[in-house]
Every structure is written in C-alpha cells, then in structure tokens.
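**Student:** model the structure of this input:
(chains A and B)
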Number of protein chains: 2
Amino acid sequence: MDDDAAFIEQCQAAVERRLAELTPDRDARPARLAEAARYALLSPGKRFRPMLTLLTAREFGGDPAAALDVACACEMVHAASLILDDLPCMDDADLRRGRVTTHKAFDEATAILASVGLLNLAYGVVASAAGLAGPLKADLAARLSRAIGFSGLVAGQAMDLQDRDRQRAADELEMLNHRKTGVLMVAAAEAGALIAGASSLAVLGVGEFATHLGLAFQIHDDILDVEGGADLGKDVGKDAGMTTLVSAIGLEGARAARDAHLQASWAGLARAGVGQGLLARYVHDLFEARRAAA
Amino acid sequence: MDDDAAFIEQCQAAVERRLAELTPDRDARPARLAEAARYALLSPGKRFRPMLTLLTAREFGGDPAAALDVACACEMVHAASLILDDLPCMDDADLRRGRVTTHKAFDEATAILASVGLLNLAYGVVASAAGLAGPLKADLAARLSRAIGFSGLVAGQAMDLQDRDRQRAADELEMLNHRKTGVLMVAAAEAGALIAGASSLAVLGVGEFATHLGLAFQIHDDILDVEGGADLGKDVGKDAGMTTLVSAIGLEGARAARDAHLQASWAGLARAGVGQGLLARYVHDLFEARRAAA
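**Tutor:** Residues are numbered from 1 along each chain as shown, chains lettered A, B, ... in the order given. Predicted coordinates:
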C-alpha cells in the first residue's frame, strides 16, 4: 500500500472511531433513541463528506486531526438528512446503505427524533471542537446553517417533493441537485480549508470545486441508476419515473454535463492553489469505484 | 402603564418584529416551506423563552437589544419542537395555539422540514448574532445543543412517547418535564446572563431559577388541565389518560410541588444576586394570567 492509500485509510478509521465516540451510547436514556441514532450514523458508508473536510485541510497544510470533529459533524448532518429523506411522507424507502431504513428498523417518531438529535449534535460538536478558536467555530456553524437551511438542504428536499411527476428543466434540476447534494459538500470542504487557515480566495476556490463536484456526483448516480444493475445499497429503480438530468437531456447529454462539472471542479481546485494532489486523486478514485460497482 | 409594563411590551414587540425578519419570507423557494415555517413560528404566542433571555440580560445590566437574536433563536427551537410534538406519529394533535397544527395546515413532509429548518436557523442566528464575540457565540451554541440533544429536549420527547399508559413515578415525571420544558428555559435564561457578562456563579443561579421555573410551569399546566375549562389553545383534555404529576400524587400534592418549585426558583435568582425585580414579577404575572384564564 502506498503512502496515500495508507493515509486515506487512516483518516477513514479515525472518522469511524470519532463518530462512535461522539454519538450517544447505549447507556443514554431512552436507549432506543440512542440506538436509532447509532444505527443511522454508524451504518457502513464511505464517509465522503468528512473525508472532504480532512483531505481539504491537508491540502492547505492543516492538521487533519484538528478538523476531525467538524468532519464528523458533516457526516451527522448527512445521516440526519438521509433519515428524513426515507420517511413514509417523503421517499418512503425501505432500504438505505444496504440495510432497512431507520424508521423501518425502529419507528417513525424515533427516526425523526434521531434525525433531529443528530443535526443538533452536529452543531454541538462544531461549537465545542477542541483546539479551534471561538470565532472560527462560530463561522463554521454559521456556514453550516446556511448550507442546511431554507436556501439549502432543507429547501432542496422540499423542492424534490414538489411536482415529482412533472419533467423538470435542466437548470431547475441543477438547482435541486445543488441543494440536495452540493451545499453540504461545499460546507464540508470549505470547513477543511478554513480550519487549515486558507485565504478567503482559496476558500472560494474550494467552494467552486465542491459545488461542481456535488453536481457531477449527482449526475453520475443518475446515470448509474439508468444504466441499471447498480447495487448502491438503496432501493433499486427508485428514480424510475422521477425526473433526473438523464430524463431531461438524455444519457449522452448527462455524461457530457457530468464531465464538464468534473472539469470545472478541478479548475476550482487550481484556483484555490491546490494542484492535482491527494484530494483530487481520492475524488477521482471514488468516481471510478462507483462506475465499477455499477 | 408603568415603566415595567411598557418595557415588557417593548421587548415583546421587538421579538415579534425580529422573528418576522429572521424567518424566510414569501419570496423564498419553495414558498410553501417558508410559509409553513412562518405559520409555525409567527403564530400568536407569549414568547416566554425569548422574554426570559431579554429580562435575564437586563437583570444583569446587559442591553436586551444585544440579546435579541439569541432570544429569537430560543423561540425558533421551541416552535420547531412543537411542530414535531404535534405530528401524527407523536401526539397527533389537531390544534396548537388556537390554530390547526402545521402538518394539518400544510402536510407532514412540509411540517417536518419546516421544523428542521427552524432548528437549523436557530443555530445560524446564534452563530451570526451581531455584536457578540465569537467565543461567546460558540459557547451559546454548545449550550443550546446540550439543551436540545440526546440528554435534553429530543430525549424528553422520546421518553414522553414511551409507555404512555404506564403510571410514571413522580421522579420520572420530573425528569421528563425537565427535559421537555425545562432545558430550553434554562438555555434561554442562561443565554441572557451570559450575554450580559454575568459571573459563572450567577449563571449557575440563573440555571437553578429556570430549572425550577420549568418544572413549576409544567405542573401548573397539568393542574389547569385537570381543573378543566382551561382554554390554552391546544387540544383540550389531551392529557386525559396520560400520566402527569396530578395523576401520580394528586391535585393537592401537585399544587404543593408547584409552589415548592416556585420558591426554589426564587432562591436560585437570589443566589444569582438578582432580587425580586422585573424578571420575577414577569414570571409571577404569567402564572397568575394562566390561572385566571383557566
């Protein structure tokens, strides 16, 4: 194993350990609520958002250990959003990450409270992160709130639930995908840059990188869903009948859009003063791994 | 109108104005989500938690204006929790504050997202509050997270949903009521003291005051519910069959417990170095008003 691969494995292991430490344990009361939170958060996942935080911090010469708690907070927000997405009144999904969804494994009320608890814990973790200055923690919390809020993740989910049968135009889909997937990746990557003390201009470049990366990822998944056979561990064919960029502009157009967003994301990294380093290789490998799994 | 009454009215008007400014307006997209958030947050309410923040700040010589945003954040958390409490999978309530509940006025998914959006906005407001130092904002966010989280409000709601038919013992009810009602009052009052620069010891006294106040309030409401005829603007007789301190130790015992908690709350204020000032009179009047309305 080369140094890069070892470093990535080390980061992933650190995220897993820290997530388990930060989540309420089985001694918490009510135990069922804590169990549901652990079930949703600690289920196997690639931990993409925390890895974005840690690897971005490293690109700017920061210590990934200093960014670990904030990285974990991003994963908590992600897990919280997945619980809600899967609820009967939303996507009504039975499977997630290869296991039954949280409201199926527990019950609806417990799932909703676990989601709210995880979102809330994310803020507690950011606000209490050891070794970070107060003003930085406040800035990170404010950015996280903008990413999640009524112009971000929460609004994206609400948009997604509206008029599902209507074919959406490409630009509307882009806005939807940005809010549902992109904003949190942006917050995660920017957090890494901020913790490493990157300049404001560099943080903007990182935001550009993550914005286009989020769009590329969503289109990639839409393509894999249509190409079929993909075992992404969630309900298969769930997107059938739902409008995606593939249904809006066709498979070839979607592929071209994905590749254009990937190029734009590398350009953002370059503008941030970060070359094709470990962060870029990690992202590239992730795309290939998803393609290979499909 | 005397000066005190004018000041309280002025604070309440400031809270209403600021809440309306901070909530996403009708131009936000999707408009339905923003409307649901405004519906839940801006419905008539006594704004007790924000008033606790503002009046506590004033008791310690702080400027209530500096505490206004954090006060509003506490109301956002409260409104978010009420939306969830009322959901079909929780209390399944039709009425709240004299109007139909948010999921009835909109739909379940929109209500849940509005709740999560309001909780999230609360953190954004605390983290971005003008005029407060970064370390203070981080401290306030961390305290808010402990109040809401897996040992606080969220856990209280989960406890409340468990074994509803079982008669709970008095000490279990106290823990439940503290988590469901007290923790957020504590966070609200402590925030006022912290913003005003009160000493750590004074903040502890304020926490004691608000802890006992929350318990006294919950018991007061339980008593009013049994005495009946109370028009509290929520489903009447909702508590029938549910275990409260009244069903655990009887009406007389509950009255004695309420009065003991009220005394303990004044003792907490005294320990904080705050006499029977405007804050105490405001709380006292609120108790009397609820009794009179019943």
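**Student:** pull the number of nearby residues for A:Lys104.
**Tutor:** A:Lys104 has 16 neighbouring residues, counting by other C-beta atoms under 10 Å in any protein chain shown. (Each C-beta comes from the backbone N, C-alpha and C, glycine too.)
**Student:** any idea how far chain B is from it?
**Tutor:** Distance, A:Lys104 to chain B, by C-beta to the nearest C-beta, to the nearest Å: 13 Å.
**Student:** same deal with A:Val203?
**Tutor:** 17 Å.
**Student:** so what does the helix or strand where that residue lies touch, helix or strand wise?
**Tutor:** Assessed by DSSP states H and E, A:Val203 sits inside helix A:200-227. Under the contact criterion of 3 or more C-beta pairs under 8 Å, 6 or more residues apart in numbering or on different chains; DSSP states H and E, helix A:200-227 touches helix A:170-177, helix A:183-195, helix A:245-271, helix A:278-293.
**Student:** so for it, mean pLDDT?
**Tutor:** Mean pLDDT, taken over the full extent of helix A:200-227, equals 94.
**Student:** report the distance from it to the chain centre.
**Tutor:** With C-alpha atoms, centre = their mean, to the nearest Å as the basis, helix A:200-227 stands 11 Å off its chain's centre.
**Student:** do stretch A:80-99 as well
**Tutor:** Offset of stretch A:80-99 from its chain centre (C-alpha atoms, centre = their mean): 15 Å.
**Student:** if you count neighbours, what's buried in that stretch?
**Tutor:** Within stretch A:80-99, the residues that count as buried by 16 or more other C-beta atoms under 10 Å in any protein chain shown are A:80-87, A:89-91, A:93, A:95-97.
**Student:** what about chain B: which of those residues touch it?
**Tutor:** A:Ala80, A:Leu84, A:Leu87, A:Cys89, A:Met90 (C-beta under 8 Å from any C-beta of the partner chain).
**Student:** surely the first one is within a helix?
**Tutor:** So the one you mean is A:Ala80. Yes. Counting by DSSP: H, G, I helix; E, B strand; the rest coil, A:Ala80 falls inside a helix.
**Student:** kindly provide the distance from it to A:Cys74.
**Tutor:** Relative to A:Cys74, A:Ala80 is positioned 11 Å away (C-beta to C-beta, to the nearest Å).
**Student:** could you do the last one as well?
**Tutor:** Separation of A:Met90 from A:Cys74 (C-beta to C-beta): 21 Å.
**Student:** the fourth one now?
**Tutor:** Applying C-beta to C-beta, the value for A:Cys89 to A:Cys74 is 26 Å.
**Student:** how about the second one?
**Tutor:** Counting by C-beta to C-beta, the gap between A:Leu84 and A:Cys74 amounts to 16 Å.
**Student:** counting neighbours, what do you get for A:Pro135?
**Tutor:** 13.
**Student:** so which strand or helix has the residue nearest the centre of chain A?
**Tutor:** In chain A, the C-alpha nearest the mean C-alpha coordinate belongs to A:Arg49, at 4.6 Å (C-alpha atoms, centre = their mean). Assignment of secondary structure by DSSP H and E places A:Arg49 within helix A:48-59.
**Student:** can you show me the CA trace of that helix as PDB?
**Tutor:** What follows is helix A:48-59, C-alpha atoms only, in PDB (Å, rounded to 0.1, in the frame of the first residue of the first chain):
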ATOM      1  CA  PHE A  48     -17.300  11.200   1.800                       C
ATOM      2  CA  ARG A  49     -18.100  14.500   3.500                       C
ATOM      3  CA  PRO A  50     -15.800  14.000   6.400                       C
ATOM      4  CA  MET A  51     -13.100  12.800   4.000                       C
ATOM      5  CA  LEU A  52     -13.600  16.000   2.000                       C
ATOM      6  CA  THR A  53     -13.000  18.000   5.200                       C
ATOM      7  CA  LEU A  54      -9.900  16.100   6.200                       C
ATOM      8  CA  LEU A  55      -8.300  16.000   2.800                       C
ATOM      9  CA  THR A  56      -9.000  19.600   2.100                       C
ATOM     10  CA  ALA A  57      -7.500  20.600   5.400                       C
ATOM     11  CA  ARG A  58      -4.400  18.600   4.500                       C
ATOM     12  CA  GLU A  59      -4.100  20.200   1.000                       C
END
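**Student:** tell me the angle of that helix relative to helix A:278-293?
**Tutor:** Angle, helix A:48-59 to helix A:278-293, by axes from the mean of the first three to the mean of the last three C-alpha atoms, to 10 degrees: 150 degrees.
**Student:** what is helix A:48-59 packed up against?
**Tutor:** When contacts are defined as 3+ C-beta pairs under 8 Å, 6+ apart, helix A:48-59 packs onto helix A:3-22, helix A:68-85, helix A:183-195, helix A:278-293.
**Student:** pick out the shakiest of those, pLDDT-wise.
**Tutor:** Among those, helix A:278-293 carries the lowest mean pLDDT, a mean of 91.
**Student:** dump the residue contacts of A:Ala138.
**Tutor:** By C-beta atoms under 8 Å, 6 or more residues apart in numbering or on different chains, the residues touching A:Ala138 are A:Ala127, B:Ala127, B:Ser128, B:Gly134, B:Lys137, B:Ala138, B:Ala141.
**Student:** give me the number of residues near A:Phe7?
**Tutor:** Per other C-beta under 10 Å, the neighbour tally for A:Phe7 reads 17.
**Student:** apart from its chain neighbours, what residue comes closest to it?
**Tutor:** Among residues not flanking A:Phe7 along the chain, A:Leu278 sits closest, at 7.0 Å (C-beta to C-beta, 6 or more residues apart in numbering or on different chains).
**Student:** okay, now the one you found: neighbour count?
**Tutor:** 16.
**Student:** tell me if I'm right that A:Arg49 and A:Ala71 touch.
**Tutor:** Yes. At 7.4 Å, A:Arg49 counts as touching A:Ala71 under the criterion of C-beta atoms under 8 Å.
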